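1. What would the 3D arrangement of this be:
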Amino acid sequence: MPKRAPQVCQCGAVHPSGEKCPTAKRWERERKARADAKRPSARKRGYDAEWEKLRANHLKVYPNCKRCGEPATVVDHIIPVRQAPHRRLDPSNLQSLCTNHHSSAKQSEERRNTHKE
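-> As a prediction, this is how the structure comes out:
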């Protein structure tokens with residue numbers, strides 16, 4: 001079976017298809033670190049003791065991911081807090097998600113919806 005052609009990386013090096021260049025990995029880490037440095041702390045974004053209590057109670061009642069049924073680790077706002085700050089502690093605006101669904105599917109949905117507005 002034929003293999004895919006090697007890929008030319010942003011750094012100019014050639015790598016086998018599907019293999020990520022160490023330089024590209026480093027650039028990605030640095031880009032994420034710069035973005036995180038500009039981001040307010042979790043407390044400043046509204047994730048305080050009141051939120052932590054609500055989150056813990058929500059996970060007790062709804063311990064599984066709404067999308068796949070695996071154990072949930074994240075309590076997600078259905079309508080993001082930046083769009084509806086008044087619903088930050090509204091239990092009807094919460095859903096339990098596993099890390100995979102929160103960090104991939106849900107975040108990409110939010111990015112798509114943000115660009116539409």
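2. Dihedrals phi and psi, the spatially most central residue of the chain?
-> In the chain, the residue lying closest to the centroid (Cα atoms, centre = their mean) is residue 103, at 2.9 Å. Dihedral angles of residue 103 (phi, psi; degrees, to the nearest 10) stand at phi -80, psi -20.
3. Helices of the protein, residue ranges please.
-> Assigned by DSSP state H, the chain shows helices spanning 22-38, 49-61, 99-100, 107-116.
4. Could you report the separation of the residue nearest to residue 10 when sequence neighbours are not counted from residue 11?
-> Of all residues not flanking residue 10 in the chain, residue 24 sits nearest, at 5.8 Å (Cβ to Cβ, 6 or more residues apart in numbering). Backbone N, C-alpha and C define where each C-beta goes, glycine included. According to Cβ to Cβ, to the nearest Å, residue 24 stands 7 Å off from residue 11.
5. what do you get for residue 39?
-> Separation of residue 39 from residue 11 (Cβ to Cβ) stands at 27 Å.
6. Below-threshold pLDDT in this structure: ranges please.
-> 1-2, 106, 110-117 (pLDDT under 70).
7. give me that answer again for 90
-> 1-28, 32, 35-36, 39-47, 80-83, 100-117 (pLDDT under 90).
8. can you list the domain ranges for it.
-> 7-38, 49-116 (automatic domain parsing).
9. and those domains, which is most packed in?
-> Mean neighbours per residue, mean count of other Cβ atoms under 10 Å, is largest over the domains of the chain for domain 49-116, with a mean of 14.
10. just how off-centre is that domain within its chain?
-> Between the centre of domain 49-116 and the centre of its chain there are 10 Å (Cα atoms, centre = their mean, to the nearest Å).
11. With stretch 28-42 instead?
-> 13 Å.
12. What's the separation between the residue nearest to residue 10 and residue 7?
-> In terms of Cβ to Cβ, residue 24 sits 10 Å off from residue 7.
13. now do residue 29
-> Distance from residue 29 to residue 7, by Cβ to Cβ: 20 Å.
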